[in-house]
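the following block contains a protein sequence and its predicted model.
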Amino acid sequence: MMTPFMLFSWIIMIASTFISIYFLLMYLEDKSRPESPNDEVCVDLVLPAYNEEKHIYESLKSIYNLEYSKEKLGVILVDDGSKDNTLIEAKRFAKDHKDLKITLIKHKKNRGKAAALNTALKLTKAPFIVTMDADSFAEPDALSQLLKFSNENDIVTPAVVAKNTKGILERLQAIEYVYGNYLSNILSGFDAQLVAPGPFSLFKTESLRAVGGFDETSVTEDLEIVYRMRKKGYKIIMSPRAIVKTDIPRDLKTLIAQRKRWHLGFFDVVGKYPKSMNVSHEFGRQTILKSLYFLVSIAFLIIFVWGFFKWMEPVYYFFRAVGFDWMPYLLNLEFNPDLLILDPQTIFYFAVTLLITSTFLYFAFRFSEEKGGNLFDAIIFLITYGFALSMATILATVSWIKRENKW
């Protein structure tokens, strides 16, 4: 008998399989993007920094090491009301590297990343700016790789990879970044890229000024700016060989908080630009698919929790009947799985989704220049990582409903 819950489960499985097959078809139709190199032009690297004392010197050093003429390169660092020695460390770097033009600005109080970016945008005279997070570190040829696509595009985005990958949680995030870069590269070919990552994205200054700069009310300014600039007809593309490393969360609490903010930013931007969900264009279809993905991830978590409690229910009643005397039961425990109770159709849909995702992951690592990763990490990533981040989606959904659109 088909119960409402079984029907709900089937809908979720079919939806997840559809998303996987859709992306597979996009991969098979992967479109290359011609380069349109720009001559070496003046570029300002913009660093908004808040309490980044530990990272700022190394981040500035990665800028200094860029394979680009120092005469054409500038840095505008905006200390957004830091309470530590961020500005002192920046001044120390400027003193040690006088051949690089560095402009240091101090906000009296913390106004947010978008406000810091806008402060720099008002000051720059360069035709291009690159936004760079203070905990990110560019590869030497990253800027040159971005500029290869800057002639006919208003935003050029990099491939962001994980810097710290020692712990299991960090390694799982590293796999996610590799997977995300590969997907972004495919979407870029269809003019459907959704975000301009904060760590190292390039913007035409005049185009950015024409839309009023970054939205200081947005939870994720790097996502919102893409939707607003696309609305005005500006173009965005990815430069897959522009590599920048970023410091990633080292514990689950920080990771969930970060992803909650990202997801909340997506909900916020869809609310601001509902017409972006236009099925006639791939960008709109991707926005819809991402919304569907969030619904599926929440539903999967609900199904998992419900199934776990249903599985534990008879165990609970058994132990209650014996006065919660666990030891005799545990000493005589035997594991005899009955494979006949498994639903073949459920296994089929799960296997198809897992196979397609695994195929994507395989090609993503082939595409990426990042080394590392192992079979164990890949298995853990495929089976558990999405469930773990579903909690961030739920928290973001609750905050969005309550209109708590805060960083």
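Okay, I see it. Numbering: from 1, shown residues only.

ok now the longest strand seen in the chain, how far from the chain's centre?
The single longest strand within the chain, with elements called by DSSP state E, is strand 236-246. The chain centre lies 13 Å from the centre of strand 236-246; the measure is C-alpha atoms, centre = their mean, to the nearest Å.

ok, and for the helix or strand that it is followed by, which residues are buried?
Using DSSP states H and E, the helix or strand that directly follows strand 236-246 along the chain is helix 252-272. For helix 252-272, a neighbour-count test (16 or more other C-beta atoms under 10 Å) marks 255-256, 259-270 as buried. For glycine as for every other residue, the C-beta is placed from the backbone atoms N, C-alpha and C.

then stretch 286-295?
Within stretch 286-295, the residues that count as buried by 16+ other C-beta under 10 Å are 286-287, 289, 294.

also stretch 233-253?
For stretch 233-253, burial by neighbour count (16+ other C-beta under 10 Å) applies to 234-240, 242-249.

and it, how far apart are its ends?
For stretch 233-253, the separation between the terminal residues is 39 Å (C-alpha to C-alpha, to the nearest Å).

ok so residue 106 is a strand residue?
Yes: counting by DSSP: H, G, I helix; E, B strand; the rest coil, residue 106 falls inside a strand.

separation between it and residue 79?
Distance from residue 106 to residue 79, counting by C-beta to C-beta, to the nearest Å: 5 Å.

neighbour count winner among the two?
Neighbour totals were compared for residue 106 and residue 79, and residue 79 leads with 26 against 13 (other C-beta atoms under 10 Å).

in this structure, which spans are strands?
Secondary structure of the chain (DSSP E): strands located at 43-49, 73-80, 101-107, 128-131, 136-138, 155-162, 201-204, 236-246.

need these in a markdown table (columns: mean pLDDT and distance to residue 230).
Formatted as a markdown table, the strands of the chain follow (pLDDT from 0 to 100; distance: least, C-beta to C-beta, whole Å):
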| stretch | mean pLDDT | distance to residue 230 |
| --- | --- | --- |
| strand 43-49 | 96 | 21 |
| strand 73-80 | 96 | 26 |
| strand 101-107 | 95 | 29 |
| strand 128-131 | 96 | 17 |
| strand 136-138 | 94 | 24 |
| strand 155-162 | 94 | 9 |
| strand 201-204 | 96 | 13 |
| strand 236-246 | 93 | 7 |
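
got the ones you listed as TSV, with distance to residue 359 columns?
Formatted as TSV, these follow (distance: least, C-beta to C-beta, whole Å):
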stretch	distance to residue 359
strand 43-49	38
strand 73-80	41
strand 101-107	46
strand 128-131	33
strand 136-138	30
strand 155-162	20
strand 201-204	29
strand 236-246	19
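
so which of the ones you listed is nearest residue 277?
Of all the strands of the chain, strand 236-246 sits nearest to residue 277, with 17.6 Å by C-beta to C-beta.

CA atoms only: put the closest one into PDB for me.
The C-alpha trace of strand 236-246 is given here as PDB (Å, rounded to 0.1, in the frame of the first residue of the first chain):
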ATOM      1  CA  ILE A 236      30.000  36.900 -16.500                       C
ATOM      2  CA  ILE A 237      32.400  34.100 -17.300                       C
ATOM      3  CA  MET A 238      34.800  31.700 -15.400                       C
ATOM      4  CA  SER A 239      38.500  31.500 -15.900                       C
ATOM      5  CA  PRO A 240      39.200  27.900 -14.800                       C
ATOM      6  CA  ARG A 241      42.900  28.300 -14.600                       C
ATOM      7  CA  ALA A 242      42.800  31.300 -12.300                       C
ATOM      8  CA  ILE A 243      43.500  29.500  -9.000                       C
ATOM      9  CA  VAL A 244      43.100  31.000  -5.600                       C
ATOM     10  CA  LYS A 245      43.300  29.200  -2.300                       C
ATOM     11  CA  THR A 246      41.000  30.100   0.600                       C
END
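
now residue 361: how far from residue 217?
Residue 361 is 37 Å from residue 217, where distance means C-beta to C-beta.

and for residue 367?
For residue 367, the distance to residue 217 equals 36 Å [C-beta to C-beta].

which one's more surrounded, these two?
Between residue 367 and residue 217, counting by other C-beta under 10 Å, residue 367 is the more crowded of the two (15 against 12).
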